[in-house]
Every structure is written in structure tokens, then in C-alpha cells.
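**Q** Take this sequence and fold it.
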Amino acid sequence: QVQLVESGGGLVQAGNSLRLSCAYSGRTFSTYAMGWFRQAPGKEREFVASISWSGDYTYYANSVKGRFTISRDNAKNTVYLQMNSLKPEDTANYFCAANVQYYSDKVTGDYWGQGTQVTVSS
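**A** Numbers count the residues shown, from 1 in each chain. Alright, predicted model coming up:
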């Protein structure tokens, strides 16, 4: 059984940084592409970033490119999201996903965490 537990969210001022962590339990972590998604109140969940199983390939939404960095430590079964230069529009509940799949019209995952709230004040 796969479990994902996010941590590291909080309240920060615009321009500051946060690092989110996602701890994975279950088999085959090192074979899964992992990703981060977010959902703001009243909005649909959106893709933020993803990383291949090896860590060699990363993908970002245009809105976070150059500010956010996704990484993983397969020895620790953990994926991270370093968020710099945060903006009020980054405020959302951030979710970790395992076994990220890419389709023509969306990116999604097979397994999801409960989310961690990030609030950026202006």
C-alpha cells in the first residue's frame, strides 16, 4: 500500500522561501515519477512540477519555472519542492503524487497525499 505524507507548508511573506517534503511509504518508490500539484480555493488542481524516477528529468509549470525546484532522494523515499521568491498567487494546498502520468491534456498521478497548506502574504 502506498502512502504519501507532505510536510513543510506554512505562512510566509512574499519573496521568502519554503521547502516542502513528501515522504513515501510502500514499494517501488525509486521506479515512480513523482510530482507536486496544488489547488487554490475555488480553483481546479494544477500541475506544479514533476521528476523522473532517476531524477534526471524535471518538468515545471510555466508559473513556477525559475522559482521552484523539485528533487528526490531515493535512499530516503522522499521528494522535495524548494519554493523561492514566493508570491501571493502561490497560495494553495500542495499535494504530492506518485506514479505521475502525462497525457495530451493533463498530468496526473495514481497515488496522492493529503496535502500541505502554503499561504503567502503580500
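
**Q** Quick check, central residue of this protein?
**A** Central residue of the chain (C-alpha atoms, centre = their mean): residue 36, 2.1 Å from the mean position.

**Q** Can you name the residues bridging to that one?
**A** residue 49, residue 96 (DSSP bridges).

**Q** Contact partners for it?
**A** By C-beta atoms under 8 Å, 6 or more residues apart in numbering, the contact set of residue 36 is 20, 22, 48, 49, 50, 70, 79, 81, 94, 95, 96, 97. (C-beta placed from N, C-alpha, C; glycine too.)

**Q** of all those, which comes closest to residue 114?
**A** Proximity of those to residue 114 (C-beta to C-beta) peaks at residue 95, which lies at 7.8 Å.

**Q** So what's the residue count around the closest one?
**A** 22 (other C-beta atoms under 10 Å).

**Q** can you check residue 79 too?
**A** Count around residue 79 with other C-beta under 10 Å applied: 30.
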